[in-house]
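Participant: Here is a sequence together with a model predicted from it:
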There are 2 protein chains.
Amino acid sequence: MRIHLQSPAADPLFDFSHVSWEAAVARAANAGGPYEVSVGSGAEDFRAAIETAEALICDASVIKAFFPCQAPRLRLLFVTNAGLDRLAPFDWLPPGAILMNNRGTHAAKAGEFGIMAILMLASQIPAMATDQRAGVWRKRWGHVAAGENLTIIGLGALGGAVARHASAFGMNVTGVRARPAPHPHCLAVAGTDRLDAILPDTRFLLLACPLTDATRGLMDRRRLALLPKGAGVANIGRGELLDQDALCDMLDSGHLSGAVLDVFSPEPVPPGHRIWTTPNLIVSPHTAADDPATYNAVSLDLFLDNLRAWREGRPLPNRFDIARGY
Amino acid sequence: MRIHLQSPAADPLFDFSHVSWEAAVARAANAGGPYEVSVGSGAEDFRAAIETAEALICDASVIKAFFPCQAPRLRLLFVTNAGLDRLAPFDWLPPGAILMNNRGTHAAKAGEFGIMAILMLASQIPAMATDQRAGVWRKRWGHVAAGENLTIIGLGALGGAVARHASAFGMNVTGVRARPAPHPHCLAVAGTDRLDAILPDTRFLLLACPLTDATRGLMDRRRLALLPKGAGVANIGRGELLDQDALCDMLDSGHLSGAVLDVFSPEPVPPGHRIWTTPNLIVSPHTAADDPATYNAVSLDLFLDNLRAWREGRPLPNRFDIARGY
């Protein structure tokens, strides 16, 4: 099988290599093959490979740069991002190609980041960082997170990993998702239609869902105001899930006690934007879910899992549902 | 028995009350009694009570303000701080009185703060906060903490709680303490004399030991330099455990990647001090271990445990060893 690995346009930390491919094949159970693998970066490499490639592994920046294009033999397209909202609408997808995202790659890092963000909110770190910016020593008392109510919107790989950590810390975790079903690390899981009833009892809110037509602006000003005074908000999903200005207003007013945000609207956050100086808000530059030391290795492992399922005629675990949006 | 509860001089969040005492008695197994309990604040209340008190519960600020003094009937003195280094030398202690600290009260909050600090170092939050102060969007990639080496100096209630969390996250935890012994959440525990050999393999260092003659300046400039490039440091013990200027120098130079500090020398950190602006350093105002919502309740629970041991002629779990310093 003819496989092409195209490195990101401008992020050498995430470059593919033949070495990383061979290592992934060595790790895989029943890796199959033989494979004729090319590794490239830049337009020339891409154009030389796409004519013959049956499988392509690349990130969204490559799709943005080179699709639509002639890819006559392409059957498997594995995009090394979890949220593919930037790639909608999907009319650029070659007919006959199955689109996959790499959900799962981010679970370890995002899970750690998510519970860290909740602990930071419980310990008032965002307010302490604001005091530090002002050079002011002010005693601020945090609270133990154990026993507090955490609501997680989205229980995929990211939200599920945070739920696991949070339940180990003794937090009361409520999950909210489009299609509710019991979850081993949540006391309860509710449909999005019940969100308004859950928010008033939410001490900490974590957004970890994909951005879709159904979730865009989900935490609008009205819903943010349903959170009790002193609540904290973390977002590792997408900036457009919430009304960022309303969030900043409620941090300014003190209704919310803190926020830890990894995603914004727009990104990068422009110089001089109010996000930089809103009190009790911590900015992480959309890197919460990514560990360059393990990212490509885990992505390739996932691809090989999916490739094996495809060879064996089973459903592909990472197949992207275009209608659903994730 | 005649018991007096004296509230702190200037911290109403931590005031005692008859209600909190009665609640603690109701929670206790075999609380004993009857008890004649007074609750006070300020000098008049203290002087009126200390003449007859057989047991006194108060914080270090009360000791500083009113001791030495005549306390002819005092048998049990329970100080609601864990580190009593500020109260040395202990020549103010009335003869015949047993001194206790409240080690254990801080475990839940400090444990959460400690693992949060390590996860913040792993995710590069201190560097992100520095970028945020400058209003600069700069991609910074953190790493998964699982599988990394964490060295914890001090394995009492604080360090032990962090070790438990860190091992649950899959970190490789090495403990360092004065008297080494196996610990259920450490891969290895070494004596302080082996610290120099351990530091070069330490990705994250957490200081959680008491301040004594043996630990003052333990992490001096030479030892901080033994940490590998990119290591991160957290301190929830006492500021004087490390050479703060050397730490700042190594953050300035980039040898260390980040620091999360709850304790400083001096405290409060004065206006204009370099601590406020040293890059990749997060300041927490010495509140890591304290949750006002639970602090007094847990302290009173501990006191009643010790009181029962005293009545029954058993060793007191929180007895403070003046020679040892903790």
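Facilitator: All right, it came through fine.
Participant: check whether stretch A:98-109 contacts chain B.
Facilitator: Yes - shown here: stretch A:98-109 in contact with chain B (C-beta under 8 Å from any C-beta of the partner chain) through A:108, A:109. Using the backbone N, CA and C atoms, a C-beta is placed for each residue, glycine as well.
Participant: just the CA coordinates of that stretch, formatted as PDB?
Facilitator: The C-alpha coordinates for stretch A:98-109 follow below in PDB (Å, rounded to 0.1, in the frame of the first residue of the first chain):
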ATOM      1  CA  ILE A  98     -12.600   8.000   4.200                       C
ATOM      2  CA  LEU A  99     -11.900  10.900   6.500                       C
ATOM      3  CA  MET A 100     -10.500  10.200  10.000                       C
ATOM      4  CA  ASN A 101      -9.500  12.600  12.800                       C
ATOM      5  CA  ASN A 102      -7.000  11.600  15.500                       C
ATOM      6  CA  ARG A 103      -9.400  11.700  18.500                       C
ATOM      7  CA  GLY A 104      -7.600   9.900  21.300                       C
ATOM      8  CA  THR A 105      -4.100  11.300  20.700                       C
ATOM      9  CA  HIS A 106      -4.900  14.200  23.000                       C
ATOM     10  CA  ALA A 107      -6.400  12.300  25.900                       C
ATOM     11  CA  ALA A 108      -3.300  12.000  28.100                       C
ATOM     12  CA  LYS A 109      -2.100  15.600  27.800                       C
END
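Participant: Could you give the average pLDDT over that stretch?
Facilitator: Regarding stretch A:98-109, the rounded mean pLDDT is 94.
Participant: just how off-centre is it within its chain?
Facilitator: 9 Å (C-alpha atoms, centre = their mean, to the nearest Å).
Participant: ditto for stretch A:239-257
Facilitator: 21 Å.
Participant: same check, this time on stretch A:128-138
Facilitator: Worked out by C-alpha atoms, centre = their mean, stretch A:128-138 lies 30 Å from the chain centre.
Participant: and that stretch with chain B, contact?
Facilitator: Yes - for a cut-off given as C-beta under 8 Å from any C-beta, stretch A:128-138 has contacts with chain B, namely A:128, A:129, A:131, A:132, A:133, A:135, A:136, A:137, A:138.
Participant: want to try CSV for the residues you listed, with pLDDT and distance to residue B:175 as columns?
Facilitator: Rendered in CSV, the data for the residues of stretch A:128-138 next to chain B read as follows (pLDDT from 0 to 100; distance: C-beta to C-beta, whole Å):
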residue, pLDDT, distance to residue B:175
A:128, 98, 28
A:129, 98, 30
A:131, 98, 32
A:132, 98, 30
A:133, 97, 35
A:135, 97, 36
A:136, 97, 35
A:137, 98, 31
A:138, 97, 33
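Participant: which among these end up buried?
Facilitator: The neighbour count (16 or more other C-beta atoms under 10 Å in any protein chain shown) marks A:128, A:129, A:131, A:132, A:133, A:137 as buried among these.
Participant: Which single residue of the stretch 151-300 of chain A ends up nearest chain B?
Facilitator: Using C-beta to the nearest C-beta, residue A:268 is the residue of the stretch 151-300 of chain A that sits closest to chain B, at 3.7 Å.
Participant: hang on, isn't that residue packed against residue A:285?
Facilitator: Yes - Residue A:268 is within contact range of residue A:285, at 7.4 Å (criterion: C-beta atoms under 8 Å).
Participant: between those two, who's got more neighbours?
Facilitator: Counted by other C-beta atoms under 10 Å in any protein chain shown, residue A:268 and residue A:285 do not tie: residue A:285 has more neighbours, with 21 against 13.
Participant: circling back: okay, and the common contacts of residue A:268 and residue A:285?
Facilitator: Each of residue B:137 lies in contact with both residue A:268 and residue A:285 under the rule C-beta atoms under 8 Å, 6 or more residues apart in numbering or on different chains.
Participant: re earlier: can you tell me which of the residues of stretch A:128-138 next to chain B end up in helices?
Facilitator: A:128, A:129, A:131, A:132, A:133 (DSSP state H).
Participant: Cross-check the contact I'm expecting between the third one and residue B:284.
Facilitator: No - taking contact to mean C-beta under 8 Å, the distance of 9.6 Å between residue A:131 and residue B:284 leaves them out of contact.
Participant: For the residue nearest to residue A:23 when sequence neighbours are not counted, identify the helix or strand it belongs to.
Facilitator: Spatial nearest neighbour of residue A:23, chain neighbours left out: residue A:297 (6.9 Å); criterion: C-beta to C-beta, 6 or more residues apart in numbering or on different chains. For residue A:297, the element it lies in under DSSP states H and E is helix A:295-311.
Participant: Can you point out the buried residues in that helix?
Facilitator: A:295-296, A:298-308, A:310.
Participant: One more: stretch A:41-50?
Facilitator: A:41, A:45, A:46, A:49, A:50.
Participant: Per-residue confidence at the first one, what does it come out as?
Facilitator: Yep, that's residue A:41 we're talking about. Residue A:41 carries a pLDDT value of 95.
Participant: Now do the contacts for it.
Facilitator: Per C-beta under 8 Å, 6+ apart, neighbours of residue A:41: A:6, A:7, A:8, A:9, A:15.
Participant: Let's see that with 10 Å instead.
Facilitator: For residue A:41, the contacting residues are A:5, A:6, A:7, A:8, A:9, A:10, A:12, A:15, A:16, A:62, by C-beta atoms under 10 Å, 6 or more residues apart in numbering or on different chains.
Participant: sorry, back to before: turn the buried residues of stretch A:41-50 into TSV, including secondary structure.
Facilitator: Formatted as TSV, the buried residues of stretch A:41-50 follow (DSSP: H, G, I helix; E, B strand; the rest coil):
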residue	secondary structure
A:41	coil
A:45	helix
A:46	helix
A:49	helix
A:50	helix
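Participant: which residues of chain A fall in strands?
Facilitator: In chain A, strands defined by DSSP state E lie at A:2-6, A:36-40, A:55-58, A:76-79, A:98-100, A:149-153, A:172-177, A:188-191, A:204-207, A:231-235, A:256-261, A:281-283, listed in chain order.
Participant: could those strands go into JSON lines alongside mean neighbour count and distance to residue B:176?
Facilitator: Output for the strands of chain A, formatted as JSON lines (neighbours: other C-beta atoms under 10 Å in any protein chain shown; distance: least, C-beta to C-beta, whole Å):
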{"stretch": "strand A:2-6", "mean neighbour count": "24", "distance to residue B:176": "44"}
{"stretch": "strand A:36-40", "mean neighbour count": "17", "distance to residue B:176": "45"}
{"stretch": "strand A:55-58", "mean neighbour count": "25", "distance to residue B:176": "44"}
{"stretch": "strand A:76-79", "mean neighbour count": "22", "distance to residue B:176": "45"}
{"stretch": "strand A:98-100", "mean neighbour count": "20", "distance to residue B:176": "46"}
{"stretch": "strand A:149-153", "mean neighbour count": "25", "distance to residue B:176": "34"}
{"stretch": "strand A:172-177", "mean neighbour count": "23", "distance to residue B:176": "35"}
{"stretch": "strand A:188-191", "mean neighbour count": "16", "distance to residue B:176": "43"}
{"stretch": "strand A:204-207", "mean neighbour count": "28", "distance to residue B:176": "34"}
{"stretch": "strand A:231-235", "mean neighbour count": "27", "distance to residue B:176": "33"}
{"stretch": "strand A:256-261", "mean neighbour count": "26", "distance to residue B:176": "31"}
{"stretch": "strand A:281-283", "mean neighbour count": "24", "distance to residue B:176": "31"}
